[in-house]
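A.B. asks: no FASTA, just this:
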């Protein structure tokens, strides 16, 4: 994880910061936010790793959980710490992070409070990409 910036081109993030100075979808086809502040990312179909592993919403959720658990023990994660069930997950009281749901081809992020800024930026960082 410490060297994630060096390998970012090998990682599939939901979004990326483009050369045009804005965030654009990468593994995600698109994203939206509802009135309650839940973020939904539709995952592109057919994305695969070099080992032919398909990147699906459930697989992406699992990858995020690995990163969040690893990093939460070492540093503060301001955006992820607002996810429903974050502390229980980090403390090992829950096997999954309830604030991230994977259904069909979507990842849904549910927060304990409306979170309208920082989500896209955080998800563009290398440690929060899909790691094959």
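C.D. replies: Right, received. Where do you want to start? These figures come from a predicted structure and were not determined experimentally. Numbering: from 1, shown residues only.

A.B. asks: for the protein, what helix or strand is lowest in average pLDDT?
C.D. replies: None of the helices or strands of the chain scores lower by mean pLDDT, DSSP states H and E than helix 4-7, at a mean of 53.

A.B. asks: residues contacting residue 87?
C.D. replies: Residue 87 makes contact with residue 81 under the criterion CB atoms under 8 Å, 6 or more residues apart in numbering. C-betas here are computed from N, CA, C, even on glycine.

A.B. asks: Provide the secondary structure category for it.
C.D. replies: Classification of residue 87 by DSSP: H, G, I helix; E, B strand; the rest coil places it in helix.

A.B. asks: next one: residue 32
C.D. replies: On the basis of three-state DSSP, residue 32 is classed as strand.

A.B. asks: Provide the backbone phi and psi angles at the closest residue to it other than its chain neighbours.
C.D. replies: Leaving aside its sequence neighbours, residue 32 sits nearest to residue 40 (CB to CB, 6 or more residues apart in numbering; 5.3 Å). With angles defined as degrees, to the nearest 10, residue 40 sits at phi -120, psi 130.

A.B. asks: Residue 54 too?
C.D. replies: Residue torsions, per degrees, to the nearest 10, at residue 54 are phi -80, psi 140.

A.B. asks: hang on, isn't it packed against residue 47?
C.D. replies: Yes. If you go by CB atoms under 8 Å, residue 54 and residue 47 touch, sitting 7.2 Å apart.

A.B. asks: Pick out whichever of these two has more residues nearby.
C.D. replies: The neighbour count for residue 54 versus residue 47, taken as other CB atoms under 10 Å, is higher for residue 47 (16 against 10).
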